[in-house]
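Asker: how would this look folded up:
(one chain, ligands or ions: 1)
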Amino acid sequence: MPLIHLISHDGAALELDVPQGHSVMQAAVAAGVRGIVGECGGSAMCATCHVYIDPAWLDRLTPALPNELEMLECTSSERRPESRLSCQVKVQAGLEGLVVRLPATQQ
Ligand code: FES
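Answerer: Numbers count the residues shown, from 1 in each chain. Below is the predicted model of the structure:
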């Protein structure tokens, strides 16, 4: 299981082992991580799983599809170039060590 690093808005760091094929949102919600809500269950319909991907990792991810890009217009916290919906980021072996930062708020 790839290990990923979550960094909360206040700088607290957390490591999560994520089964391959699971999304960052699924792993965070299952672990009770505060700061990722996942209200729609991963359908790219709510933007409450907004995260900032460390720029060093951005080009290793599958690019966002149009529906994700559209929903990223609705984030509560500032949208940045490294913004993604964590429900659309599926963890694969090549993402061992992925660094994900959480925004200040999701609502
Ligand atoms: S969980 Fe709703 S958009 Fe990701």
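Asker: If you count neighbours, what's buried in stretch 7-22?
Answerer: For stretch 7-22, a neighbour-count test (16 or more other CB atoms under 10 Å) marks 7-8, 14, 16, 18, 22 as buried. Quick note: C-beta positions are derived from backbone N, CA and C, even for glycine.
Asker: Let's verify Ala56: helix, strand, or coil?
Answerer: Following DSSP: H, G, I helix; E, B strand; the rest coil, Ala56 is assigned to helix.
Asker: Also Asn67?
Answerer: Going by three-state DSSP: Asn67 is helix.
Asker: Name the nearest residue to it, ignoring sequence neighbours.
Answerer: Once flanking residues are discounted, Asn67 sits nearest to Ala44: 5.1 Å by CB to CB, 6 or more residues apart in numbering.
Asker: What of Pro103?
Answerer: Take Pro103 and drop its neighbours on the chain: the residue closest to it by CB to CB, 6+ apart is Ser77, 3.4 Å away.
Asker: and the protein, which residues reach the ligand?
Answerer: 25, 38-40, 42-49, 71, 85, 87 (CB under 6 Å from any ligand atom).
Asker: which of the residues you listed lies closest to Leu65?
Answerer: Ala44 (7.9 Å; CB to CB).
Asker: Quick check, Val18 in contact with Ala27.
Answerer: Yes: when contacts are counted by CB atoms under 8 Å, Val18 is listed as touching Ala27 (4.2 Å).
Asker: Spatially central, which residue of the chain would that be?
Answerer: Ser86 (2.7 Å; CA atoms, centre = their mean).
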